[in-house]
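> 3D model of this:
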Amino acid sequence: MSAAQALEVAEKSNLDLVKIAPQAVPPVCKVMDYGKYRFEQAKKEKEAKKNQHVVEIKEIRLSFKIDVHDFETKANHAKRFLTAGNRVKCSIRLRGREMGHPEIGYEVMTKFAEYCADFGTVDKPAKLEGRTILMFLVPKQGK
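As a prediction, the model looks like this:
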């Protein structure tokens, strides 16, 4: 039907004429209550946003010469973060002469990754960036 006829039908039923596909030949239109449609769309978006989980990046700083108990405490924090569904950024800051032996830092990082293997997997392996060794862990999909 013509646009004028469609507009007349929409006005008679107290509804709006909405173009669904304006690029089509001829353009496709629909008779509906546009205000109600927009309200329902906003309501759906709000509901989806409410159910959405925002993934945060939690940082754990290890040291070059870390003791056993401190290491376990940091690893337990990482496990707690991973079970909550957050990503974990592990970092070691190398100072002074520690820069001459980054392999020790890599050993600490691999040990940390193995300790947290039950709860998370390594997303980005340990890498030296400037004076900092960084590694990212992500939660396991099954947990």
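
> Parallel or antiparallel, which strands does the longest strand anywhere in the chain pair with?
Determined from DSSP state E, the single longest strand within the chain is strand 120-129. Strands that pair with strand 120-129, judged by DSSP bridges, come out as strand 132-139 (antiparallel).

> starting at the chain centroid, how far to the partner strand?
Centre-to-centre, strand 132-139 and its host chain are 15 Å apart (Cα atoms, centre = their mean, to the nearest Å).

> Would you mark the buried spots in that strand?
Neighbour counts using 16 or more other Cβ atoms under 10 Å place 133-139 of strand 132-139 among the buried residues. The C-beta positions use only the backbone N, C-alpha and C, and glycine is treated the same way.

> Check what pLDDT residue 108 gets.
Note on residue 108: pLDDT of 91.

> Distance-wise, check the most centrally placed residue in the chain relative to residue 25.
Central residue of the chain (Cα atoms, centre = their mean): residue 55, 4.4 Å from the mean position. Going from residue 55 to residue 25 by Cβ to Cβ, to the nearest Å gives 45 Å.

> And the pLDDT at residue 99?
85.

> give the contact list for it.
Contact analysis of residue 99 by Cβ atoms under 8 Å, 6 or more residues apart in numbering lists residue 131.

> So it lies in a strand, does it not?
No: with DSSP: H, G, I helix; E, B strand; the rest coil as the criterion, residue 99 is helix rather than part of a strand.

> Could you measure from it over to residue 74?
Relative to residue 74, and taking Cβ to Cβ, residue 99 is found at 22 Å.
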